[in-house]
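>>> Just a sequence and a predicted model for now, questions to come.
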Amino acid sequence: MTFLDEVKNAVTVRAALLVIGVLGLMVAFITSYAGAFHSPKPKDVAFGVVAPPPISAQAVQRLNAVPGGALDARAVADRAAAVKKLRERDLDAALIVDPASTTDTLLVASGGGASLSGAVELVMTAIEKAEQRTLKVEDVAPADPKDTRGLSSFYLIVGWCVGGYLCAAILAISHGARPANTQRAVIRLAALAVYAIAAGLLGALIIGPVLGALPGSYLGLAGLGALVVFAVGATTLAFQGLAGIVGIGLAILVIVVLGNPSAGGAYPYPLLPPFWKAIGPALPPGAGTWTARSIAYFRGNAVTGPLLVLSAWAVGGALVTMVMAVLRQRGEHPEDEALEVGART
């Protein structure tokens with residue numbers, strides 16, 4: 001055999017295409033993470049202003065005119081209302097203007113992300129200094145001392161996401177990425193559900209009682225974990241039903257390459273570029289990170305939307321998995337078994 005023949009025997013066309021696909025994922029990974037994190041700048045930070053009416057209107061106008069559109073300022077009735085909105089996650093920060101002195105108070109909530117609180121503090125310190133005023137910072141929803149950067153919730157969600165798509169991938173490797181019939185699809189989804197419950201309970205146990213890295217309801221976090229794992233796993237099963245073994249790569253593209261840098265973990269949404277800021281809340285890592293922080297630091301406020309997002313991924317993934325199993329059982333994809341065998345060999 002010639003050397004070219006040896007190469008053809010050693011590396012099939014399908015294997016070569018899969019390797020090229022992996023190379024594409026690597027490039028996408030670098031592009032996505034570097035694009036999201038290389039130059040974080042505050043943009044449209046939800047910002048409250050508490051001041052007497054004449055001063056309030058001027059302050060709001062002045063803050064909205066900050067170069068780069070860092071702040072999205074709006075008037076708030078009083079301090080109590082500002083604190084309430086911060087704890088309900090309607091505001092990211094608020095300024096309490098004291099006309100009787102030269103010191104104002106900046107309210108932040110570092111539990112929602114220390115990098116965002118720090119960025120707002122830098123912006124407001126510069127503004128106050130230019131007006132020959134000083135700034136006092138008060139954290140109304142502080143991160144736990146063992147979670148000083150507010151990243152524990154993000155890493156918890158990342159771990160659950162990894163567990164979800166790896167479980168689905170292992171189920172695929174066991175006997176073909178595409179389930180041969182509806183019964184097998186149901187069994188895989190049931191196995192995934194059991195795994196998701198165990199993963200949620202164990203993950204919440206480690207992050208809370210064992211490490212003390214994240215406060216909040218243990219059962220609340222465990223339930224969130226089960227939903228995240230099942231949503232990601234069901235999505236991976238759906239991609240596998242649609243594209244076979246390539247579906248694992250598609251799941252990694254959506255969850256890891258696009259989902260993790262846009263999740264608001266290292267940098268909350270107001271610090272991300274527009275593309276990542278737009279897609280983050282609609283993907284499982286972003287919805288999960290937001291919910292975990294709400295459970296830990298904001299009394300479970302503002303979680304309806306993210307939980308609906310996770311539920312949509314879970315239900316959608318399960319439905320697509322079942323539909324593709326039905327189509328396969330009816331013989332509409334007779335070539336799949338040969339492709340799966342080729343992929344495994």
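Received, thanks. Since we're looking at a predicted model, the values are computed, not measured. Residues are numbered from 1 along each chain as shown.
>>> Could you report the distance from Gly259 to Leu327?
Distance, Gly259 to Leu327, using C-beta to C-beta, to the nearest Å: 28 Å. In short, each C-beta sits where N, CA and C put it, glycine included.
>>> Tell me, please, the helix or strand in this protein that averages the lowest pLDDT.
Using mean pLDDT, DSSP states H and E, helix 336-344 stands out as the lowest-scoring helix or strand of the chain, at a mean of 45.
>>> does the nearest residue to Val11 once chain neighbours are set aside belong to a helix or a strand, and which?
Ranked by C-beta to C-beta, 6 or more residues apart in numbering and with sequence neighbours excluded, the top spatial neighbour of Val11 is Val19, at 7.9 Å. Per DSSP states H and E: Val19 is located in helix 13-37.
>>> what comes into contact with that helix?
Contacts to helix 13-37, defined as C-beta atoms under 8 Å, 6 or more residues apart in numbering, come from residues 11, 245-246, 249, 252-253, 256-258, 260-262, 266-267, 272-273, 275-276, 339, 342-343.
>>> which other helices and strands contact the helix or strand following it?
Using DSSP H and E, the helix or strand that directly follows helix 13-37 along the chain is strand 45-50. Packing partners of strand 45-50 (3 or more C-beta pairs under 8 Å, 6 or more residues apart in numbering; DSSP states H and E): helix 53-64, strand 71-75, helix 79-87, strand 93-96, helix 114-130.
>>> Check which residues of the third one are buried.
Using 16 or more other C-beta atoms under 10 Å as the test for burial, helix 79-87 gives Arg79, Ala82, Val83, Lys84, Lys85, Leu86, Arg87.
>>> Test my guess that the first one contacts Leu95.
No. The criterion here is C-beta atoms under 8 Å, and Arg79 misses it with Leu95 at 10.6 Å.
>>> Now do the shared contacts for the two.
Counting by C-beta under 8 Å, 6+ apart, the residues touching both Arg79 and Leu95 are Val50, Leu107.
>>> For Val254, give me its contacts.
Applying C-beta under 8 Å, 6+ apart, we find Val254 in contact with Thr235, Phe239, Leu283.
>>> any low-confidence regions in the stretch 51-200 of the chain?
Within the stretch 51-200 of the chain, the stretches with pLDDT under 70 are 174-177, 179-180.
>>> Now with 90, please.
Along the stretch 51-200 of the chain, segments meeting pLDDT under 90 span 53-54, 67, 148-150, 171-184.
>>> circling back to that earlier point, as a markdown table, the helices and strands packed on strand 45-50 with distance to Ser311 would be great.
Output for these, formatted as a markdown table (distance: least, C-beta to C-beta, whole Å):
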| stretch | distance to Ser311 |
| --- | --- |
| helix 53-64 | 36 |
| strand 71-75 | 29 |
| helix 79-87 | 25 |
| strand 93-96 | 30 |
| helix 114-130 | 27 |
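>>> Would you mind finding the most buried of these?
Compared across the helices and strands packed on strand 45-50, strand 93-96 shows the largest average neighbour count, a mean of 25 (mean count of other C-beta atoms under 10 Å).
>>> Could I get the CA-only coordinates of the one helix or strand Leu201 maps to as CSV?
Leu201 is part of helix 182-205, with elements assigned from DSSP H and E. Extracted in CSV, the C-alpha atoms of helix 182-205 (Å, rounded to 0.1, in the frame of the first residue of the first chain):
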residue,chain,number,x,y,z
THR,A,182,-39.4,5.7,21.3
GLN,A,183,-39.0,3.2,24.2
ARG,A,184,-35.2,3.8,24.2
ALA,A,185,-35.7,7.5,24.0
VAL,A,186,-38.0,7.4,27.0
ILE,A,187,-35.5,5.3,28.9
ARG,A,188,-32.7,7.8,28.2
LEU,A,189,-34.8,10.7,29.3
ALA,A,190,-35.8,8.9,32.5
ALA,A,191,-32.2,8.0,33.2
LEU,A,192,-31.3,11.6,32.6
ALA,A,193,-34.0,12.8,35.0
VAL,A,194,-32.7,10.5,37.8
TYR,A,195,-29.2,11.7,37.2
ALA,A,196,-30.3,15.3,37.2
ILE,A,197,-32.0,15.0,40.6
ALA,A,198,-28.9,13.3,42.1
ALA,A,199,-26.6,16.0,40.5
GLY,A,200,-28.8,18.8,41.9
LEU,A,201,-28.8,17.4,45.4
LEU,A,202,-25.0,16.7,45.4
GLY,A,203,-24.0,20.0,43.8
ALA,A,204,-26.1,22.0,46.2
LEU,A,205,-24.6,20.0,49.1
